[in-house]
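Asks: pasting the sequence and the predicted coordinates here, then a few questions.
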Amino acid sequence: MKKLKKIFIIPCLIALCFFAAISIAVAKGGVFIVAMFSELKENGVPAEWRIKEWKGKADAQIVNDDTAKGALNLKSNATSTALYKEISLDIKDYPYLNWRWKITKIPTNGDVRKKETDDEAAQIYVVFPKFPSQINSRMLGYIWDSNAPAGSEITSAKLSTTKYIVVKSGAQELGKWFSEKRNVYDDYKRLFGEEPPMVGSIALMIDSDDTETSAETFFGDIYLSTE
């Protein structure tokens, strides 16, 4: 399934779950915890995270890592899958998204700038449901792309309500852990030209279906913060 449908479905999931119980995250000392993978033992998909499979079966599990203790390991073999966690948050209260990631394999020829090669080893999305969610919800994605230059800010070629920021690019830094911090509030206002609605979920995605290759990534702890 092409990424137009992928991007279209995630906001729909948020709308369908609007009246469902929202996952409770810990807000303490200026930090809103999204995921503490480092505190989990080796296991399958962490509690409070849901799987979405567009093509193939999700390969996601908590693994031990020498430098990050517990980490979420995602693999793709010509597949397209995501994990997402529902939250309810005003991004102005916790504007900074913090996460750790490590890529060990990127999808060959993946390039977010082209519809036919829109595969990325690591993608973390902040989803902003906006009625009607099927056509109007906003998604802001921070990605590790195979070829698009780091620092690029790209509107999806398939859906104008999805914006990408290429945080890292290429295979030169494979196998290394990196800590990232982004001001989501500022990024949203710059790219969408409006005040952001409430956050509805955080999604982690991996895909290599368009290029029919493979990819692997690791995510460490994820949290939002006031500074």
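Replies: In hand now; what should we look at? Numbers count the residues shown, from 1 in each chain.
Asks: and for residue 42, the neighbour number?
Replies: A total of 10 residues lie near residue 42 under the criterion other Cβ atoms under 10 Å. From N, CA and C alone the C-beta is placed, and that goes for glycine too.
Asks: which helices and strands does the top strand by length along the chain pack with?
Replies: Looking across the chain with DSSP state E, the single longest strand is strand 214-225. When contacts are defined as 3 or more Cβ pairs under 8 Å, 6 or more residues apart in numbering; DSSP states H and E, strand 214-225 packs onto strand 31-35, strand 69-77, strand 96-105, strand 122-128, strand 199-207.
Asks: go again with 10 Å.
Replies: In terms of contacts (3 or more Cβ pairs under 10 Å, 6 or more residues apart in numbering; DSSP states H and E), strand 214-225 is packed against strand 31-35, strand 59-65, strand 69-77, strand 80-89, strand 96-105, strand 122-128, strand 178-183, strand 199-207.
Asks: how far off centre is that strand?
Replies: Centre-to-centre, strand 214-225 and its host chain are 8 Å apart (Cα atoms, centre = their mean, to the nearest Å).
Asks: now stretch 149-166
Replies: On Cα atoms, centre = their mean, the centre of stretch 149-166 falls 13 Å from that of its chain.
Asks: picking up where we left off before, buried stuff in the longest strand of the chain?
Replies: Judged by neighbour count (16 or more other Cβ atoms under 10 Å), strand 214-225 contains these buried residues: 214-224.
Asks: would CSV of those with distance to residue 77 and pLDDT be doable?
Replies: What follows is the buried residues of strand 214-225, written out as CSV (distance: Cβ to Cβ, whole Å; pLDDT from 0 to 100):
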residue, distance to residue 77, pLDDT
214, 5, 98
215, 8, 98
216, 9, 98
217, 13, 97
218, 16, 97
219, 18, 97
220, 23, 95
221, 26, 96
222, 25, 97
223, 30, 98
224, 32, 98
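Asks: what is the rounded mean pLDDT of stretch 146-163?
Replies: Here the mean pLDDT over stretch 146-163 is 93, rounded to a whole number.
Asks: residue 140: neighbour count?
Replies: By the other Cβ under 10 Å criterion, the neighbourhood of residue 140 contains 23 residues.
Asks: so what's the residue lying farthest from the centre of the chain up against?
Replies: Distance from the centre of the chain peaks at residue 29, with 24.4 Å (Cα atoms, centre = their mean). When contacts are counted by Cβ atoms under 10 Å, 6 or more residues apart in numbering, residue 29 is found next to 225-226.
Asks: assign residue 185 to helix, strand or coil.
Replies: Residue 185 carries the three-state label helix when classified by DSSP: H, G, I helix; E, B strand; the rest coil.
Asks: burial check on the closest residue to it other than its chain neighbours, number of neighbours?
Replies: Take residue 185 and drop its neighbours on the chain: the residue closest to it by Cβ to Cβ, 6 or more residues apart in numbering is residue 95, 3.7 Å away. Residue 95 has 19 neighbours, counted by other Cβ under 10 Å.
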